[in-house]
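Chemist: can you look at this prediction? I've put the sequence above it.
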Amino acid sequence: GGVGGIKLLKRCLLDWVVKLTTNDGSGEPPVQNMQRDFADGKVFLRILHRVDPDASPYDPSDDALTNIRAAFSDAEAKYGIPCLIDDEDPEFWKDEKAMIPQLAEWMDKLPHVDLLDAEASAAAAMAEAEKAAAA
């Protein structure tokens with residue numbers, strides 16, 4: 001536990017966010033940290049879009065609080081994820097004591113997304129088929 005546990009949790013959460021938002025089709029830059037990159041609220045929208053592109057299209061606003069409210073309304077309605085941050089505070093992302101449990105809730109409650117790209121997925125399928133044929 002302690003400080004080491006918090007650092008490990010932060011690293012795990014950041015790795016999860018980076019995986020979900022890398023090459024997500026949003027045209028946004030990769031996420032590099034758990035604070036400033038969340039300031040415009042778009043990362044939350046990107047995560048929801050990656051989990052279910054049809055039900056959560058990526059259509060961000062220029063207003064950070066509008067993005068936050070849209071993402072958290074969507075997350076609560078579809079996945080039962082409570083909003084643990086202050087969605088009235090434009091500097092919500094600076095509150096690490098709220099951001100860590102908030103992201104942990106998202107990671108826990110959102111459906112698992114297979115993050116293999118199409119090429120790796122096709123190669124894995126071909127390897128499985130070859131293994132089955134050889135058996």
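Modeler: All right, it came through fine.
Chemist: can you pull out the strands in the chain?
Modeler: For the chain, no strands turn up when DSSP state E is the criterion.
Chemist: tell me which helix or strand of the chain sits lowest on mean pLDDT?
Modeler: helix 118-134 (a mean of 59; mean pLDDT, DSSP states H and E).
Chemist: quick check: closest non-adjacent residue to Pro60.
Modeler: Nearest residue to Pro60 in three dimensions, chain neighbours excluded: Lys42, at 4.7 Å (Cβ to Cβ, 6 or more residues apart in numbering). (C-beta placed from N, C-alpha, C; glycine too.)
Chemist: ok now do the one you found, which residues does it touch?
Modeler: Neighbouring residues of Lys42 by Cβ atoms under 8 Å, 6 or more residues apart in numbering: Ser26, Glu28, Pro60, Asn67.
Chemist: what's around Gly25, how many residues?
Modeler: 10 (other Cβ atoms under 10 Å).
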